[in-house]
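Chemist: Need a 3D model of the following:
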Amino acid sequence: MVTDATAPVEAGVNEKAEGATRIQGINRRLILDAALDVFSAYGFRGSTVDQIAEKAGMSKPNLLYYFPRKQNIYVTVLEETLTEWLGPFESINPQGDPLDELRHYITQKLELSAKRPEASRLFANEILHGAPAITDFLKGHLKDLVDEKARVIHRWIEEKRIAPIDPYHLIFTIWAVTQHYSDFSVQVAAVLGKRTEEPDFYEQTARSIAAIILDGVRVRDDVSPL
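Modeler: Take a look at the predicted model:
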């Protein structure tokens, strides 16, 4: 019987490669999570690679092996944030009930703001500074997606399933309100006090926001077309 003597060697090499890849993935995640905390606290200009490395629990040379420049880390963190945020937006179903689809999106968007407030603040800070790192993304993929969903909303309006409102302003309103609770969390906590610490705070908030916004898009006989 002929046996392949190289098989055990190849298996060992593959296992080592998989192990190395797994470790690299873990280290990248540590760096990006640490970078999110640092960038959201100090901004791009006020942050240093040393701060990120210390937060990630690794040496600066080790960090630079994965990301050679601070800019690389920053853009990756922003792109991850936008990809995560756009997931629920992309999942809006044109064939679904408009109020249910919008309610679900509002709830998911608020959950993301609650789960990762640092990401929301980082994005807001980037926008306030003119979005130099993600201008192409905003004018490209984001604009295309917003145009697509605006057409969906416009079709709902034509089918008289929701009131005649401007689709873009509806989208902007949802973004502004849901991100307020992370971007202005200090203000929210100052006004509401211990209510923000209640386990169901964001669930109650989502219901209130959805009720306010959806009440404005319900079909009514007394609403004039825009």
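
Chemist: Please parse this protein into its domains.
Modeler: According to automatic domain parsing, the chain comprises the domains 1-68, 71-226.

Chemist: Tell me the confidence at the most centrally placed residue in the chain?
Modeler: In the chain, the C-alpha nearest the mean C-alpha coordinate belongs to residue 85, at 2.9 Å (C-alpha atoms, centre = their mean). pLDDT recorded at residue 85 is 88.

Chemist: And residue 114, by the same measure?
Modeler: Model confidence at residue 114 (pLDDT) stands at 86.

Chemist: Do I have it right that it meets residue 204?
Modeler: No. Between residue 114 and residue 204 there is no contact under C-beta atoms under 8 Å: 11.8 Å. Bear in mind the C-beta positions are built from the backbone N, C-alpha and C, glycine included.

Chemist: If you count surrounding residues, which of the two has more?
Modeler: For residue 114 versus residue 204, neighbours defined as other C-beta atoms under 10 Å are more numerous around residue 114 (18 against 11).

Chemist: and that one, what element?
Modeler: helix 98-115 (DSSP states H and E).

Chemist: Quick check: buried residues in the next helix or strand after that helix?
Modeler: Once helix 98-115 ends, the next helix or strand along the chain (criterion: DSSP H and E) is helix 117-128. Using 16 or more other C-beta atoms under 10 Å as the test for burial, helix 117-128 gives 117-124, 126.

Chemist: With stretch 90-103 instead?
Modeler: For stretch 90-103, by 16+ other C-beta under 10 Å, it's 92, 98-99, 101-103.

Chemist: before we move on, what about stretch 23-38?
Modeler: Neighbour-count burial for stretch 23-38, counted by 16+ other C-beta under 10 Å, picks out 27-28, 30-32, 34-38.
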